[in-house]
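> after the sequence you'll find the predicted model.
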Amino acid sequence: MPPWFDFYRLSKFVIFTVVTSVAGYTAALELRFDFQFSDQVPQFSLWMGLFLLLASRVLTYFLLGASDVIWRYFSLNSLVPVVRAHLLSSTIFAASVLIIGLEEFPRSIIFIEFLISIALNGGFALIVRLMFEHEVFPYSRGKISQHEQKECLVLGAGDSGHLLLKALTGQRKRFHLTPVAVLDDAARFSGSLIHGVRVVGKLAELDSVLPKFPGVEVVILAIPTLSASRIKQLEKICEAHQVQFRRIQSFEEIAVQSSTLELPEIPIEVILNREIQVQFEEEIQKTYHNQNILVTGGCGSIGSEVVRQLVKWHPRKITILDNSEYHHFLFQKELQDQFPETNFSFVLADVTDREHLETLFRTLRPETVIHTAAYKHVPMNESNPYAAFTTNVVGTRNVVELAVRYKCQRIIHLSTDKAVDPVNVMGCSKRIAEIVTQQVIRTQTESPLPRCAIVRFGNVINSRGSVIPLFRQQILSGGPVTVTHPEVERFFMSLQEAVGLMLAAGSLGNQAEIFVLDMGEKVKILDVAKEMLALYGREDIPIVFTGLRPGERLSEEVAEATDDIEPTSIPKVRRLTERQDSYPELLLTMENLKLRSASLSPQKLSQEMFQLVRRSTHWLESSSLS
């Protein structure tokens, strides 16, 4: 900023205010006296009135900040301080005239001048803005030749599209992009003009619209919520037409960027999201259609997505069991608003309360049970092994045994990749829960037995407590972004994909087999942090390494190296091949630990949980060798 800038702006403002006020004052007098005011008002009154007006006008404009308005960005918001300053200055002017008692000075001049001068002020500022937007001042940012401008087509006429078009049409020299057409699926936008650019069709017509605009070099997607599958379709169309494809971000992401309209290619959710196109939908529909379904942990991140996806298979009833009153309230409102025709039942209960749970099973008689209730936060479980054991192990046994007792047809048990060769309390408790589920099913002698599947998967994008919402919060608060170790890596899967595959795997389960999901390649958490910082335009925020937390390890696996895995009829769902023998001793050992768990210290309980896993592994391996 040059040192003379403030003085230049100040002098420009004073001159402008004086000119518009004098013009308004003169016009008001001419109108009031039919263009003959010089003969009817004493000269002293005329000049003193003008002096009082200019003094009050300049003073109030300074005090109320109206002098800070930049004309080239003038808007309705900019008009507020101008009107406020104008009103106050006219009030001071009127009071001064009354106090001094100017001879034969008509009071109506005050009101007429107010209207004329404010119209001149606002009108002049608007004209300046329009002249800048339409490049009447080519020297303002330097001339840009026509061949440096690129024509672009915008996808989306909603809020994000509106902001994008406003910026592109108003600042063409900054972005070197000229929008020529808009596509949007909403019928209310069809044929309308948005910032001078016409909506010419729907997104599905992109392939046929592009040839009509041969000059288009860039297509910009301005719909942050569009699904990954549709984004991929649009990208392929642009690739076929040799047109560049870009995507703007959501309002939350735009708000924290250092540059409002940096257009990253793909946001972090799309980078990690491999949206599933679930096949064999007819078989899956048969599994859940017209079923009475119980979802434990149904208000959690995963459980709630299970409920949302179940709705499309038209179950007879969905009972949502969760121990959080607050999340029950929120989720109940969401479901009633979005799916008013589906029969939902909300039960506030805890899977560790065996007596209450049995009453519910006896009353509800569910035909399918999807068990997602668990404590999953690794460091929290590490310091609270009793809660991990009672909820993840005892709670699972309660659910599975009652499902068997009350003739449930199908059980789906959600597990985790941390159950593979566990090194932390959470993974250990989930591995014990897997073994308990298998043994409860395989030690039963009565028939028919429920079909049962145990499904393992890794980190879910945007689930509560996962790393991506944490990084987003840290970036929005200005950092730093914390990563435990530069080499730590995890599997990532979108919530929608993970739940879709879990429900698909559930249709394959028989005798509590363990199914693992194809989660692609592991991703370094450090790379995720860097991607998100780049996405938000905040590479200036530092990344701080805090060290591995209790119970964490550098990498996870979906199965042990010695496990045999075979494909299934559903892509991305694989089955662990293992003996399906029963070992009642395992359930007895677990029951003994349950009776003693409350009296054990956290360290001792953790030790005995790991001993139980090792003992179980030894029994299973000994049996497979015999």
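Yep, it's here.
> for the rest of this, base every contact and every neighbour count on C-alpha atoms.
OK.
> the residue nearest to H176 when sequence neighbours are not counted: neighbour count?
What sits nearest to H176 in space, not counting adjacent residues and going by CA to CA, 6 or more residues apart in numbering, is Q149, at 4.7 Å. Other residues near Q149 come to 15 when the count uses other CA atoms under 10 Å.
> also Y386?
Y386: 21 neighbours (other CA under 10 Å).
> so it is in which element?
Here Y386, judged by DSSP states H and E, is contained in helix 385-388.
> which SSE is immediately downstream of that helix?
Note on helix 385-388: by DSSP H and E, the next helix or strand toward the C-terminus is helix 395-405.
> can I get that next one in PDB, CA atoms only?
Listed next in PDB are the C-alpha coordinates belonging to helix 395-405 (Å, rounded to 0.1, in the frame of the first residue of the first chain):
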ATOM      1  CA  GLY A 395     -23.100 -57.000  25.500                       C
ATOM      2  CA  THR A 396     -22.400 -59.000  22.400                       C
ATOM      3  CA  ARG A 397     -23.000 -62.300  24.100                       C
ATOM      4  CA  ASN A 398     -26.300 -61.000  25.500                       C
ATOM      5  CA  VAL A 399     -27.500 -59.900  22.100                       C
ATOM      6  CA  VAL A 400     -26.400 -63.100  20.300                       C
ATOM      7  CA  GLU A 401     -27.700 -65.500  22.900                       C
ATOM      8  CA  LEU A 402     -31.100 -63.800  23.100                       C
ATOM      9  CA  ALA A 403     -31.300 -63.700  19.300                       C
ATOM     10  CA  VAL A 404     -30.800 -67.500  19.300                       C
ATOM     11  CA  ARG A 405     -33.300 -68.100  22.200                       C
END
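> show me what it is packed against.
helix 354-364, strand 368-371, helix 425-442 (3 or more CA pairs under 8 Å, 6 or more residues apart in numbering; DSSP states H and E).
> can you give the distance from the longest one to the centre of its chain?
Just to be clear, that refers to helix 425-442. Centroid separation for helix 425-442 versus its chain: 34 Å, with CA atoms, centre = their mean, to the nearest Å.
> also the shortest one?
Going by CA atoms, centre = their mean, the spacing between the C-alpha centre of strand 368-371 and its chain's C-alpha centre is 28 Å.
> please apply the same query to the first one.
In terms of CA atoms, centre = their mean, the centre of helix 354-364 is found 37 Å from the chain centre.
> run through the neighbouring helices and strands of that helix.
helix 395-405.
> residues in contact with the helix it packs on?
Contact with helix 395-405 is made by 351-354, 357-358, 361, 366, 369, 371, 411, 433, 436-437, 440-441, 449-450, as judged by CA atoms under 8 Å, 6 or more residues apart in numbering.
> the helix holding Y386 - what's its average pLDDT?
Helix 385-388 shows a mean pLDDT of 93.
> domain ranges for this protein, per the record?
Annotated domains of the chain cover 5-133, 146-266, 281-459+492-519+556-625 [automatic domain parsing].
> quick one: closest of these to L470.
Taking CA to CA, domain 281-459+492-519+556-625 is the member of those nearest to L470, at 13.2 Å.
> picking that back up, drop anything exposed from the contacts of helix 395-405.
The neighbour-count criterion (16 or more other CA atoms under 10 Å) marks 351-352, 354, 357-358, 361, 366, 369, 371, 411, 433, 436-437, 440-441, 449-450 among the contacts of helix 395-405 as buried.
> packing partners for the strand or helix carrying V82?
Assigned by DSSP H and E, V82 belongs to helix 76-100. Applying 3+ CA pairs under 8 Å, 6+ apart, we find helix 76-100 packed against helix 43-63, helix 108-133.
> now render these as a markdown table, adding distance to V197 and mean neighbour count.
Below are those laid out as a markdown table (distance: least, CA to CA, whole Å; neighbours: other CA atoms under 10 Å):
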| stretch | distance to V197 | mean neighbour count |
| --- | --- | --- |
| helix 43-63 | 37 | 17 |
| helix 108-133 | 14 | 18 |
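> hey, least reliable of those by pLDDT?
Across these, helix 108-133 gives the lowest mean pLDDT, at a mean of 76.
> what's that helix packed up against?
Applying 3+ CA pairs under 8 Å, 6+ apart, we find helix 108-133 packed against helix 5-32, helix 76-100, helix 159-170.
> and those helices, which is most packed in?
helix 159-170 (a mean of 19; mean count of other CA atoms under 10 Å).
> and that helix, what's its mean pLDDT?
Across helix 159-170, pLDDT averages out at 80.
> just want the angle from it to helix 108-133.
90 degrees (axes from the mean of the first three to the mean of the last three CA atoms, to 10 degrees).
> check which helices and strands helix 159-170 sits against.
Applying 3+ CA pairs under 8 Å, 6+ apart, one finds that helix 159-170 makes contact with helix 108-133, strand 150-155, strand 177-183.
> report the distance from it to the chain centre.
With CA atoms, centre = their mean, you get 21 Å for helix 159-170.
> equivalent analysis for stretch 500-520, please.
The answer for stretch 500-520 is 28 Å, by CA atoms, centre = their mean.
> let's test this: mean pLDDT of it, rounded?
Here the average pLDDT along stretch 500-520 is 85.
> convert the C-alpha atoms of it to CSV, please.
In CSV, the C-alpha atoms belonging to stretch 500-520 read as follows (Å, rounded to 0.1, in the frame of the first residue of the first chain):
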residue,chain,number,x,y,z
GLY,A,500,-23.7,-51.3,2.0
LEU,A,501,-21.0,-54.0,2.0
MET,A,502,-21.8,-55.0,5.5
LEU,A,503,-25.5,-55.5,4.7
ALA,A,504,-24.5,-57.4,1.5
ALA,A,505,-22.2,-59.7,3.5
GLY,A,506,-25.0,-60.3,6.0
SER,A,507,-27.0,-61.9,3.3
LEU,A,508,-24.2,-64.5,2.9
GLY,A,509,-23.6,-65.4,6.5
ASN,A,510,-24.4,-68.9,7.8
GLN,A,511,-22.5,-70.2,10.8
ALA,A,512,-20.8,-67.0,12.1
GLU,A,513,-18.2,-66.9,9.4
ILE,A,514,-16.0,-63.8,9.4
PHE,A,515,-16.2,-61.6,6.3
VAL,A,516,-13.6,-59.0,5.5
LEU,A,517,-14.2,-56.1,3.1
ASP,A,518,-11.9,-55.0,0.3
MET,A,519,-10.9,-51.6,1.5
GLY,A,520,-8.2,-50.9,-1.1
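> Three-state assignment for D34, please.
coil (DSSP: H, G, I helix; E, B strand; the rest coil).
> pick the most deeply packed of the domains of the chain.
The most buried one of the domains of the chain (mean count of other CA under 10 Å) is domain 281-459+492-519+556-625, showing a mean of 19.
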